[in-house]
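> model the following, please.
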Amino acid sequence: ESSAACEVCEGAEEMTEPLKQCTAWLHAYFCEPARMERLPVPAFHHPLLRRDSFTRQVLWTLLRDVKFGKAVSYKQLADLAGNSRAARAVGGAMRSNPIPIIIPCHRVICSSGQTGNYGGGNLMKEWLLSHEKLQKEKLA
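Have a look, this model is predicted:
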């Protein structure tokens, strides 16, 4: 757990509204997780998230259904997204995720309980999972 205070970068008054939403969301994620449920999800303009595809379905399902402090296996996420036999495709969707943390691909783990891979590195994935668990315990 970091003792550093959470700060917003200088020049915040010059940010566009979508950037302000992302900043508020990330601040809440790291510093005030209880506030996250009340914040709007930032607008996503990435083409991958606009195209009708299984990857898009998986990412939106993950964002909507796997809440802070929870984890889901690749197979469980495939089930939630509507194709129980697509666990490997879920892994591909996680690799394609254009906005990790906001779309929390670190919450997707192996059925065995192993953390699996993460684009930001396995230590980062373990840290994010640990951060969420600690924050959930504080709120309980």
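> how about residue 47, what does it touch?
Residues counted as contacts of residue 47 (C-beta atoms under 8 Å, 6 or more residues apart in numbering): none. Quick note: C-beta positions are derived from backbone N, CA and C, even for glycine.
> what pLDDT does it get?
Note on residue 47: pLDDT of 76.
> before we move on, what about the one 3 residues further on?
pLDDT recorded at residue 50 is 75.
> and it, how many neighbours?
Neighbour count for residue 50, taken as other C-beta atoms under 10 Å: 10.
> ranges for the strands of this protein?
Here the chain has its strands, by DSSP state E, at 72-73, 108-109.
> which other residues reach the first one?
Spelled out, that is strand 72-73. By C-beta under 8 Å, 6+ apart, strand 72-73 touches 62, 65, 66, 80, 87, 107, 108, 109, 110, 111.
> pull the number of nearby residues for the last one.
Put plainly, it is residue 111. 11.
> find the nearest non-adjacent residue to it, please.
Excluding the flanking residues, the one nearest residue 111 by C-beta to C-beta, 6 or more residues apart in numbering is residue 73, at 4.4 Å.
> what's the average pLDDT for stretch 24-36?
Mean pLDDT, stretch 24-36: 91.
> report the buried residues of it.
Neighbour counts over stretch 24-36 (16 or more other C-beta atoms under 10 Å) mark 24, 25, 26, 27, 28, 29, 33, 36 as buried.
> dump those to CSV, plus distance to residue 137.
As requested, the buried residues of stretch 24-36 are exported to CSV (distance: C-beta to C-beta, whole Å):
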residue, distance to residue 137
24, 24
25, 22
26, 21
27, 20
28, 17
29, 16
33, 11
36, 16
